[in-house]
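**Q** got a predicted structure plus its sequence, pasted below:
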Amino acid sequence: MSRAPSNILDRPLGGRGRNSSTETAVSQSAFAYLYSELVQYHQSRVASISELERRLESSGYGIGLKVLELLSYRSRESKRETRLMNILQFVSANVWKSLFGKPADSLERSIDHADEFMIVDYEPLTSTYVSVPSDLGQLSVDSFLSGIVAGVLDGAGFSARVTAHSVTLEEGEAGYGSSNSSLPPRKDKAVFLVKFSPEVLKRDTGLER
Amino acid sequence: MSSSQVLLFVIVGKNEPLYEAEFHKAGTAGSSDSVTRQNYFVLHSALDLVEKAAWTTNQMYLKVVDKVNQQQVSTFLTAGNIKFMLLHGGRSEDSIKSFFSDVYELYVKLSMNPFYRYDTPITSKSFDTRVRAVARRYLA
């Protein structure tokens, strides 16, 4: 059961399909259990909803930073993202794929504000097994995921404010290929609103020329 | 006293240096204080040039960003914008590139440690040992 402790600097980083799917997969129920304990831990220590969301976000932030470095290393391309659209593509495709096994369902740009983007996920992992009681109203436990996104963006130099919102599914909007048919179908999707700081936009439009 | 015998390697985060190491050729004594201070000065003054170059290319390896006297500063940027900077007196591009790749691998492994916070000084002794071993291999 036990194995000799090895220095973290000696362990392989994996990637490139070398047994990576079996090595790095964690059971969903283990994650759901751990996550529910995390939420309960924070819930017992805060006095308000926004405080809880902020704590979940900061829990996810560190993960985002590490995921950014790990995925860039594993892709073996020795390239960093310097443009806004590219880093958003990186987040919605690569990060989502490595964390949840599938790319994000969509990436949209807001019409009203040039600095806002939305990443949509129809079945975010963190809220699949969570039901929010009515006295907690607007709470979104997906703040953990928005913390991860914020970590990735901040690490890459695109500081942004990321918030998670639950938006009711419109008629006919697919919860297609729902992986878990033993649960009742979800009535809402998670939308992660990404709002970039002004200097990021300025720098990006400057690079365009 | 040839300054190409001494190599200075610094890992710089957003606000402060995270790791520093001086490599000298086996057998020679360590450099004097004033040379060390001068080396640090040259390396840190190259930081502005690194910032400028960082957004013009999406490569991680930035090659030589500054040349002062006989010394050159080569830089490597990680995905998280952590700067690896090497002050040297003219080593081959390939050996520097291999050096940076190996240190990059060590850095990513180090950041997988859940207790290591991004952008904080690196105090791990084994990291230091391994970086010196990599330097001996590629920059001897």
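**A** Ah, there it is. Just so you know, these numbers come straight off a predicted model, no measurement behind them. Numbering: from 1, shown residues only, chains lettered A, B, ... in the order given.

**Q** could you confirm B:Thr75 falls within a strand?
**A** Yes: counting by DSSP: H, G, I helix; E, B strand; the rest coil, B:Thr75 is found in a strand.

**Q** and it, how many neighbours does it have?
**A** B:Thr75: 25 surrounding residues under other CB atoms under 10 Å in any protein chain shown. For the C-beta atoms, the positions are set from N, CA and C on the backbone; glycine is no exception.

**Q** beta partners of it?
**A** In this entry, B:Thr75 is beta-bridged to B:Lys63, B:Met85, by DSSP bridges.

**Q** below-threshold pLDDT in chain A: ranges please.
**A** Low-confidence segments of chain A (pLDDT under 70): A:1-3, A:14-24, A:171-182.

**Q** roughly how far does B:Thr57 sit from A:Ser110?
**A** The gap separating B:Thr57 from A:Ser110 is 29 Å, by CB to CB, to the nearest Å.

**Q** give the buried residues for the helix or strand hosting B:Tyr40.
**A** Assigned by DSSP states H and E, B:Tyr40 belongs to helix B:33-45. Across helix B:33-45, burial judged by 16 or more other CB atoms under 10 Å in any protein chain shown covers B:Gln38, B:Asn39, B:Tyr40, B:Val42, B:Leu43.

**Q** wait, which of these is closest to chain A?
**A** In terms of CB to the nearest CB, no member of those lies closer to chain A than B:Leu43, at 21.2 Å.

**Q** from B:Thr57, how far out is the closest one?
**A** 20 Å.

**Q** equivalent analysis for A:Leu153, please.
**A** Counting by CB to CB, the gap from A:Leu153 to B:Thr57 is 20 Å.

**Q** pick out whichever of the two has more residues nearby.
**A** Using other CB under 10 Å as the criterion, A:Leu153 and B:Thr57 rank with A:Leu153 on top: 26 against 14.

**Q** dump the biggest helix by length in chain B to CSV, restricted to CA.
**A** Counting residues, the longest helix found in chain B (DSSP state H) is helix B:93-111. Extracted C-alpha coordinates of helix B:93-111, given in CSV (Å, rounded to 0.1, in the frame of the first residue of the first chain):
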residue,chain,number,x,y,z
GLU,B,93,22.7,29.2,-27.9
ASP,B,94,22.0,25.5,-27.8
SER,B,95,23.6,24.8,-24.5
ILE,B,96,21.7,27.8,-23.0
LYS,B,97,18.4,26.6,-24.5
SER,B,98,18.9,23.1,-23.0
PHE,B,99,19.8,24.6,-19.7
PHE,B,100,16.6,26.7,-19.6
SER,B,101,14.5,23.7,-20.7
ASP,B,102,15.8,21.6,-17.9
VAL,B,103,15.4,24.3,-15.3
TYR,B,104,11.9,24.9,-16.7
GLU,B,105,11.0,21.3,-16.1
LEU,B,106,12.3,21.5,-12.5
TYR,B,107,10.3,24.7,-12.0
VAL,B,108,7.0,23.2,-13.2
LYS,B,109,7.6,20.1,-10.9
LEU,B,110,8.3,22.5,-8.0
SER,B,111,5.1,24.4,-8.6
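
**Q** wait, does it contact chain A?
**A** Yes: for helix B:93-111, a contact with chain A is found by CB under 8 Å from any CB of the partner chain, at B:Ser101, B:Tyr104, B:Glu105, B:Leu106, B:Tyr107, B:Val108, B:Lys109, B:Leu110, B:Ser111.

**Q** roughly how far is that helix from the heart of the chain?
**A** With CA atoms, centre = their mean, to the nearest Å as the basis, helix B:93-111 stands 10 Å off its chain's centre.

**Q** buried residues in it?
**A** Neighbour counts over helix B:93-111 (16+ other CB under 10 Å) mark B:96-97, B:99-111 as buried.

**Q** what's next to it, contact-wise?
**A** With contacts defined as CB atoms under 8 Å, 6 or more residues apart in numbering or on different chains, helix B:93-111 is touched by A:8-9, A:11, A:13, A:65-66, A:69-70, A:73, A:78, B:9, B:11, B:60-61, B:63, B:74, B:76, B:78, B:82, B:84, B:86, B:88, B:116, B:118, B:122, B:124, B:127, B:130-131, B:134-135, B:137-139.

**Q** check the residues of helix B:93-111 next to chain A and tell me the two furthest apart.
**A** Within the residues of helix B:93-111 next to chain A, B:Ser101 and B:Ser111 form the most distant pair, 15.8 Å apart (CB to CB).
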